[in-house]
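Colleague: Turn this into a model:
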Amino acid sequence: MNVVFLDGARLTDAKSVFDAFRASLPFPEPFANNLDALHDALTTLNLPVGVIAVNTEELKTALGRRAKGFWRLMNELQEEMREFYFTENPFDL
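Modeller: Numbering: from 1, shown residues only. Reported below is the predicted structural model:
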């Protein structure tokens, strides 16, 4: 399983979120920092991918206007792809 860990307390802007994906997964170069490119890269990897998001309120702030689209994309991919998993704040009790 390839895991992308997104910590909103450490990611300060949308670029840093895309960089976290790029650092964790073998994305093609060049990779554009937008949701369409993220969708295309994730759906063509043919690898099991897990995305763990923590401190999600801060992550939403970092993503700014892209936040709703990002969450929609993660949920859609989880439904469409057999080996894509998205979890948010798994450690909150």
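Colleague: Which pLDDT value belongs to Pro28?
Modeller: Looking at Pro28, its pLDDT stands at 84.
Colleague: does it count as helix, strand or coil?
Modeller: Put simply, Pro28 is coil when judged by DSSP: H, G, I helix; E, B strand; the rest coil.
Colleague: Relative to Ala67, how far out is it?
Modeller: For Pro28, the distance to Ala67 equals 25 Å [C-beta to C-beta, to the nearest Å]. Placement of C-beta: from N, CA and C, glycine included.
Colleague: Name whatever forms a beta bridge with the closest residue to Phe91 other than its chain neighbours.
Modeller: Closest residue to Phe91 apart from its sequence neighbours, by C-beta to C-beta, 6 or more residues apart in numbering: Val54 at 6.7 Å. Counting by DSSP bridges, Val54 forms beta bridges with Asp7.
Colleague: Surely Gly50 and Asn2 touch.
Modeller: Yes - if you go by C-beta atoms under 8 Å, Gly50 and Asn2 touch, sitting 7.2 Å apart.
Colleague: Using CSV, write out every CA atom in the lengthiest helix in the chain.
Modeller: Across the chain, the longest stretch assigned as helix under DSSP state H is helix 67-80. Taking Å, rounded to 0.1, in the frame of the first residue of the first chain, the C-alpha atoms of helix 67-80 are listed here in CSV:
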residue,chain,number,x,y,z
ALA,A,67,-10.9,22.3,-0.5
LYS,A,68,-14.5,21.3,-1.5
GLY,A,69,-13.2,19.9,-4.8
PHE,A,70,-10.4,18.0,-3.1
TRP,A,71,-12.8,16.3,-0.7
ARG,A,72,-15.2,15.5,-3.5
LEU,A,73,-12.4,14.0,-5.5
MET,A,74,-11.1,11.9,-2.6
ASN,A,75,-14.7,10.5,-2.0
GLU,A,76,-15.3,9.9,-5.7
LEU,A,77,-12.0,8.1,-6.1
GLN,A,78,-12.8,5.9,-3.1
GLU,A,79,-16.1,4.9,-4.8
GLU,A,80,-14.6,4.4,-8.3
